[in-house]
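Participant: fold the following.
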Amino acid sequence: MMIVVWSVSYIYALFHLVLGLVQLKGKNIPTTNSIFIITGSISVLLTSLFLGHTFTWITLVTVGFFLIQIGAVRNEFLLQGRITLSHQMVRFALFLIILSIYSLFN
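Facilitator: Numbers count the residues shown, from 1 in each chain. Below you'll find the model as predicted:
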């Protein structure tokens, strides 16, 4: 089960890392938004080094997901002029599911 949790969070982070780098090169989004997403992605990617250290893993995942979330909210507001609450709740639910499964099986 831990492999699934790690894989899902790793794919999520890789997706957002690529997204942040594309946005950074595209110049359509402010640099700060891209930096939030890139930094959050790197934080989540670093969790693979700390699978046995619960506190460090939870800290890195939490910081990473919140940085990605901040960048996503800012992007959504910039591009659409509003924040879609249902979209942000799905992102937050994914974070809670990953954190809960890790806490249960570690």
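
Participant: please count neighbours and contacts with C-alpha atoms only from this point.
Facilitator: OK.

Participant: show me what the lengthiest helix in the chain is packed up against.
Facilitator: What stands out as the longest helix in the chain, according to DSSP state H, is helix 54-80. In terms of contact count using 3 or more CA pairs under 8 Å, 6 or more residues apart in numbering; DSSP states H and E, helix 54-80 is assigned the packing partners helix 31-45, helix 85-105.

Participant: can you tell me which of the ones you listed is most buried?
Facilitator: Comparing the helices and strands packed on helix 54-80 by mean neighbour count (mean count of other CA atoms under 10 Å), helix 31-45 ranks first with a mean of 22.

Participant: what does that helix rub up against?
Facilitator: 9-10, 13-14, 16-17, 19-21, 23-24, 60-61, 63-72, 74-75 (CA atoms under 8 Å, 6 or more residues apart in numbering).

Participant: what do you get for stretch 90-106?
Facilitator: So stretch 90-106 is contacted by 1, 2, 5, 8, 9, 52, 54, 58, 61, 65, 69 (CA under 8 Å, 6+ apart).

Participant: alright, calling it a day.
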